[in-house]
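S.K.: just a sequence and a predicted model for now, questions to come.
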Amino acid sequence: MTELLRQPAFQEVAALFRQYLAAAGNGHGAAGIARVLHQYSGRAVIVEDSVGQVIASSGREGSSRASDERHNLGSLPEKALHAVATHDGDRWVAVACPRGDVLCAISLLDPNGQASDKDLFGLEQAATVLGWELLHGREIAEAEIALWGEFATELLEDANLERIRSHGMRLGYDLGLAHRALLVVANRPSQSQLRDAVGRVMSHLGAKGLIAMRPNGVVVIIAEELKWAELVTMLQSEFEAKVRLGVGGRYRLEEIKKSLADAEFALALKSSAIDKPLALYDELGVWRLLARPDAGDLETLVEHWIGPLIEYDRDHHSELLKTLVAYLEEFGALEATATRLFVHRNSLRYRLARIAELTGWDLNDPEQRFHLDLACRAFLVRQALDGSLPSLSGATEANGNSDAKGSHLLARRLEPERGAFAANSTRARPRRPGLS
C-alpha cells in the first residue's frame with residue numbers, strides 16, 4: 001500500500017482530487033471545478049444543469065454562467081450512470097446523478113477525438129465531486145427554505161433575486177421558464193383546509209406546482225397550462241364550498257409577483273362585475289386596457305355617462321348602477337336581467353326608466369349603450385385598482401359609501417374642486433326617446 005501511494009500516477013490523481021475539493025470548498029462550485037478540469041486537460045469544459053442550460057464553462061470563448069446556449073442532452077442514455085464518461089458527438093460528457101436524479105452534466109470538448117484516458121478520468125472525477133457538491137447544495141437550500149417557509153413564499157416575499165436564483169437552481173427550478181400564479185379564495189375562513197384541498201386536487205391532476213398560503217387565499221405557482229374551468233370545479237367539489245380562482249399572466253419565475261397581482265386584479269374585477277368562479281387575466285380584454293394608469297380620460301368618461309347614477313345611488317342607497325350593469329351584460333334582455341337581479345319585470349322597467357331620466361341617455365341607442373357599458377367597466381376597474389373590491393351585490397357595496405376604504409373615484413366625487421369626477425348634475429344632457 002505504501003508503495004502504491006508513492007506511485008506518480010496515484011499522486012497525480014490525489015492532487016487533482018484535492019484541487020476539485022478545494023474549488024468546491026472555496027465556494028467556486030461548478031465554475032471552479034470546470035476551471036480545474038480545463039487546466040488539467042487543456043480542453044474546453046462546459047457544465048450544464050439538468051435542463052441543458054450552461055451554468056459554467058472554462059477555456060471556451062464567449063461562454064458565461066448566464067449564457068442562454070443550450071446543448072442537446074437527449075443523446076445521453078435514459079439511465080445514465082453516475083460520473084461515467086460517454087462519447088457524444090464532438091465531446092465527452094459525464095452526468096452527475098449521485099442519487100438517481102440528474103443534477104448536471106459536465107462535458108469535455110473533443111472535436112478532433114484526441115482526448116486521452118487521463119483526460120476522461122479527470123472528467124469522471126470532476127463529475128463525481130460536482131454531483132456531490134450540487135447535492136449538498138440542494139440539501140442546504142431545502143433546509144434553508146424550511147426555516148422561512150416554502151419556496152413559493154420566498155418567490156412572493158423575498159426581494160433578493162440572487163438568493164432566489166441560487167435556491168431555484170439548487171432545487172431544480174428553471175427560473176427562465178414562464179409560470180403563472182393562481183389565487184384560490186373561498187367563503188370559509190380555514191386557509192389550511194383550503195391549502196390541503198388545493199394540494200389534493202393538484203396531485204389528482206398530476207400537476208406540479210408550488211403552494212403557499214397568503215392572507216387573501218392560497219397561491220399556486222405553476223408552469224403547466226391546465227383546464228382552468230375544470231380545476232375550479234374540482235376545487236369546489238373537494239373543498240365543499242364556494243371557491244373562486246384567479247389566474248394571472250405568464251412571467252419568469254423570478255417575476256411571479258406580477259402574475260399574482262394580475263390574479264388579484266382579475267378576481268377583484270370579476271367579483272364586482274360578473275361574480276363568476278373563474279377569473280382569467282389573459283381574457284379580460286378591454287378591462288386590461290381600462291386599467292392602464294395613463295388612461296386619464298376615463299374619469300371624465302365615467303362622470304359624463306354615469307356620474308348621476310353614482311351620486312344618486314350614494315345618496316339614496318339604491319341599486320341603479322347595479323341594474324344598469326346587469327342590463328348591459330344581458331344585452332338588454334329584460335327577462336334575463338330581471339331574473340339575475342331577482343326583481344319583477346315591472347320593477348326593472350321602472351329602474352331603467354329612472355336611469356334614462358337621471359342620465360338623459362337612451363338605452364335603446366346602440367352607440368349610447370356602448371359608451372354606457374364602457375363607462376361602467378371603467379368605473380369597476382378603477383374601484384378594483386383602488387382596493388375597494390365592490391361586489392355589486394347591494395347598493396352600498398356597488399356604489400360606494402362613507403367608508404374610508406371606498407373607491408378613490410367616489411372620494412373624488414365628494415370634492416368637486418379636485419378634478420374630473422366633480423359633481424356636475426346641472427349640465428344639460430341630450431334627451432332621447434325613453435325605453436319602449
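M.R.: Arrived safely, thanks for sending. Numbers count the residues shown, from 1 in each chain.

S.K.: contacts for stretch 129-138?
M.R.: The contact list for stretch 129-138 (CB atoms under 8 Å, 6 or more residues apart in numbering) reads 17, 20-21, 24, 29-30, 33, 47, 82-83, 96-99, 103-104, 106, 170-172. Yep, even glycine has a C-beta here, placed from its N, CA and C like the rest.

S.K.: can you list which of those residues are found in strands?
M.R.: Those of those mapping onto strands are V47, A96, C104, I106, per DSSP state E.

S.K.: which one of the residues you listed sits closest to L177?
M.R.: Nearest to L177 among the ones in strands among the contacts of stretch 129-138 is C104, at 17.2 Å by CB to CB.

S.K.: so what pLDDT did the nearest residue to that closest one once chain neighbours are set aside get?
M.R.: Of all residues not flanking C104 in the chain, A96 sits nearest, at 5.0 Å (CB to CB, 6 or more residues apart in numbering). Turning to A96, the model gives it a pLDDT of 88.

S.K.: which residue ranges of this protein form strands?
M.R.: 45-49, 54-58, 86-88, 91-96, 104-109, 178-186, 209-214, 217-222, 243-247, 251-252, 278-280.

S.K.: follow-up on the earlier one: now do the residue nearest to C104 against G332, distance only.
M.R.: Going from A96 to G332 by CB to CB, to the nearest Å gives 66 Å.

S.K.: of the two, who's got more company?
M.R.: The residue with more neighbours, out of A96 and G332, is A96; 26 against 15, by other CB atoms under 10 Å.

S.K.: looking at the strands of the chain, which is closest to V343?
M.R.: Closest among the strands of the chain, once you apply CB to CB, is strand 243-247, at 25.0 Å.

S.K.: wait, doesn't L156 sit right on S259?
M.R.: No: if you go by CB atoms under 8 Å, L156 and S259 don't touch, sitting 10.0 Å apart.

S.K.: and these two? which has more neighbours close in?
M.R.: More neighbours surround S259 than the other of L156 and S259, with 27 against 19 (other CB under 10 Å).

S.K.: okay but the more buried one is in contact with A181, surely?
M.R.: Yes: if you go by CB under 8 Å, S259 and A181 touch, sitting 3.8 Å apart.

S.K.: quick one: stretch 246-255 to chain centroid distance?
M.R.: From the chain centre to the centre of stretch 246-255 is a distance of 2 Å (CA atoms, centre = their mean, to the nearest Å).

S.K.: what do you get for stretch 306-324?
M.R.: 36 Å.

S.K.: likewise stretch 15-27?
M.R.: 39 Å.

S.K.: for that stretch, what is the average pLDDT?
M.R.: pLDDT averaged over stretch 15-27 gives 80.

S.K.: name the residues of it that come out as buried.
M.R.: For stretch 15-27, a neighbour-count test (16 or more other CB atoms under 10 Å) marks L16, F17, Q19, Y20, A23, A24 as buried.

S.K.: how about the contacts made by S347?
M.R.: S347 is in contact with A338, counting by CB under 8 Å, 6+ apart.

S.K.: what separates it from I310, distance-wise?
M.R.: From S347 over to I310 (counting by CB to CB), the distance is 21 Å.

S.K.: repeat that for V51.
M.R.: 53 Å.

S.K.: T339 too?
M.R.: T339 is 25 Å from I310, by CB to CB.

S.K.: who has more neighbours out of those two?
M.R.: A count of neighbours by other CB under 10 Å puts I310 above the other of T339 and I310, at 24 against 14.

S.K.: the more buried one contacts L321, doesn't it?
M.R.: Yes: if you go by CB under 8 Å, I310 and L321 touch, sitting 6.3 Å apart.

S.K.: restricted to helices, list the buried residues of stretch 15-27.
M.R.: L16, F17, Q19, Y20, A23, A24 (DSSP state H).

S.K.: could you dump the residues you listed to TSV with distance to A241?
M.R.: Below are these laid out as TSV (distance: CB to CB, whole Å):
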residue	distance to A241
L16	62
F17	59
Q19	60
Y20	56
A23	55
A24	51
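
S.K.: could you check how far the nearest residue to V325 once chain neighbours are set aside is from E329?
M.R.: Spatial nearest neighbour of V325, excluding adjacent residues (CB to CB, 6+ apart): C376 at 5.1 Å. C376 is 9 Å from E329, where distance means CB to CB.

S.K.: of these two, who's got more company?
M.R.: Remark: of C376 and E329, C376 carries more neighbours, 23 against 16, as counted by other CB under 10 Å.

S.K.: who's in contact with that one?
M.R.: Per CB under 8 Å, 6+ apart, neighbours of C376: I306, L321, L324, V325, L328.

S.K.: ok, so of the residues you listed, who is nearest E139?
M.R.: V325 (54.8 Å).

S.K.: quick one: the helices in the stretch 1-150 of the chain?
M.R.: 2-5, 8-25, 29-41, 117-148 (DSSP state H, counting those that start in this stretch).

S.K.: low pLDDT regions in the stretch 51-200 of the chain?
M.R.: 61-80, 141-150, 159, 170-175, 188-189 (pLDDT under 70).

S.K.: actually the stretch 251-400 of the chain, not the one I typed
M.R.: Scanning the stretch 251-400 of the chain for pLDDT under 70 picks out 270-275, 285-297, 385-400.

S.K.: and the closest residue to L245 other than its chain neighbours, how many neighbours?
M.R.: Closest residue in space to L245, ignoring its immediate chain neighbours: V232 at 4.2 Å, by CB to CB, 6+ apart. Using other CB under 10 Å, the number of residues around V232 comes to 22.

S.K.: which residues does V232 contact?
M.R.: Neighbours of V232 in contact, by CB under 8 Å, 6+ apart: V243, R244, L245, P277, L278.

S.K.: redo that, cut-off 6 Å
M.R.: Residues near V232 by CB atoms under 6 Å, 6 or more residues apart in numbering: L245, P277, L278.

S.K.: give me the buried subset of those.
M.R.: Buried, going by 16+ other CB under 10 Å: L245, L278, out of the contacts of V232.

S.K.: out of the contacts of V232, who's nearest G89?
M.R.: L245 (46.2 Å).

S.K.: who's in contact with the closest one?
M.R.: Each residue near L245 by CB under 6 Å, 6+ apart is listed here: V184, V232, L278.

S.K.: cool, and F331?
M.R.: With CB under 6 Å, 6+ apart, F331 has no contacts at all.

S.K.: measure L103 to V54 for me?
M.R.: In terms of CB to CB, L103 sits 15 Å off from V54.

S.K.: please disregard the earlier target; I meant K227.
M.R.: 35 Å.

S.K.: who's more crowded, those two?
M.R.: V54 (21 against 10).
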